[in-house]
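Asks: fold the following and give me the result.
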Amino acid sequence: MTEDVARFAAPPALAPGIASANCLVCGGATQPSHPPGLVACTRCGFVSANLNLTEEDIAKLYERGYFHGDEYLDYVAEEESLRLNFRARLRTLARIAPDLHERDMFEIGCAYGFFLDEARHFVRSVAGLDISGEATAYGRGRFALDIAQGDYLNRPLGKKYRAIVMWDTVEHLQRPDLFVEKIHVDLEPGGVLALTTGDIGSLNARLRGAKWRMIHPPTHLHYFSAATMRLLLERHGFDVMHLSHPGISRNLRSILYYVLVWRTRKSGLYNALSRWRVFDLRVTVNMFDIMYVIARRR
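Replies: Numbers count the residues shown, from 1 in each chain. Got it, this is the predicted structure:
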């Protein structure tokens with residue numbers, strides 16, 4: 001892998017709002033890929049949506065509807081299930097970085113603050129940033145979190161961190177390479193970057209093809225495999241310490257919400273049944289197509 005990296009030309013340094021004709025991972029040429037509307041690198045295989053979005057386009061994508069009916073059924077209603085998965089990720093991160101409790105943590109794409117509220121019990125301090133003003137206002141008001149609305153690429157953090165996380169975020173970014181480059185600057189040497197994203201190289205993604213659930217531009221712009229994610233991180237000064245494919249957990253209450261409220265609009269029945277403790281039980285499903293990566297800054 002190291003020898004291959006050395007041969008690759010660096011991707012072009014374009015403005016964050018401009019799509020590159022070259023691969024953002026290795027600098028290779030791209031060509032149309034399947035399904036239509038995607039392009040793939042002829043050198044490393046990295047797959048992207050062939051879209052050119054303005055900052056205004058991106059801001060509109062993540063207005064209130066994104067969290068309430070578009071990408072998520074109801075992000076706030078899924079809080080319990082989201083926290084289940086966040087706690088599992090934190091436990092894994094604490095195993096990889098045993099001194100996690102001594103580290104300051106920053107989250108890119110912090111949404112409503114549920115993860116950072118959990119992370120308070122694992123780290124020394126937490127802070128975050130998200131493009132959604134409504135989501136960050138919720139997190140500040142309910143949890144008194146140090147989170148703000150803004151664009152990470154244009155936001156000086158004012159200090160170095162020893163842990164930065166991005167949960168299901170990197171696939172949304174117009175220029176993930178520039179984010180990783182800046183994260184390297186914002187981390188202390190030995191600091192860790194932890195992220196999750198879909199794995200287009202997984203068996204399920206390859207079998208599903210164009211119908212794979214993660215392929216839905218314009219919100220998902222980039223589709224990493226384990227190999228292209230590792231290559232991107234290594235190019236920008238990181239060593240991958242952990243790469244796994246954990247399952248996604250939900251409690252039965254969130255499934256009940258989907259069936260009764262989202263699909264059939266029977267909110268009264270949901271309100272009556274959701275109090276039963278049986279709906280606290282958890283179900284974990286693993287399609288092995290979501291990867292969890294932890295990398296150390298050199």
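
Asks: what residues does stretch 90-103 touch?
Replies: Contact with stretch 90-103 is made by 118-119, 122-124, 161-163, 165, 191-192, 194, 241-242, 244, 246, 292, 294, as judged by Cβ atoms under 8 Å, 6 or more residues apart in numbering. (Glycine included, C-beta is placed from N, CA and C.)

Asks: return the helix or strand that contains residue 242 as CSV; C-alpha atoms alone will do.
Replies: Using DSSP states H and E, the element containing residue 242 is strand 238-244. Extracted in CSV, the C-alpha atoms of strand 238-244 (Å, rounded to 0.1, in the frame of the first residue of the first chain):
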residue,chain,number,x,y,z
PHE,A,238,-3.0,8.7,9.6
ASP,A,239,-2.4,5.0,10.5
VAL,A,240,-5.5,2.9,10.7
MET,A,241,-5.7,1.1,14.0
HIS,A,242,-9.2,-0.4,13.8
LEU,A,243,-11.6,-1.3,11.0
SER,A,244,-14.7,-3.3,11.7
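
Asks: now stretch 246-254: buried residues?
Replies: 246, 249-254 (16 or more other Cβ atoms under 10 Å).

Asks: hmm, back to that, just the ones of the contacts of stretch 90-103 in strands?
Replies: Among the contacts of stretch 90-103, the members falling in strands are 161-163, 165, 191-192, 194, 241-242, 244, 292, 294 (criterion: DSSP state E).

Asks: which members of those residues are the farthest-apart pair?
Replies: 161 and 244 (22.9 Å; Cβ to Cβ).

Asks: neighbour count winner among these two?
Replies: Shown here are residue 161 and residue 244; by other Cβ atoms under 10 Å, residue 161 has more neighbours (22 against 13).

Asks: so the more buried one touches residue 187, yeah?
Replies: Yes - with contact defined as Cβ atoms under 8 Å, residue 161 reaches residue 187; the gap is 5.9 Å.

Asks: returning to that earlier point: hmm, which of the contacts of stretch 90-103 are the buried ones?
Replies: Buried among the contacts of stretch 90-103 (16+ other Cβ under 10 Å): 118-119, 122-123, 161-163, 165, 191-192, 194, 242, 246, 292, 294.
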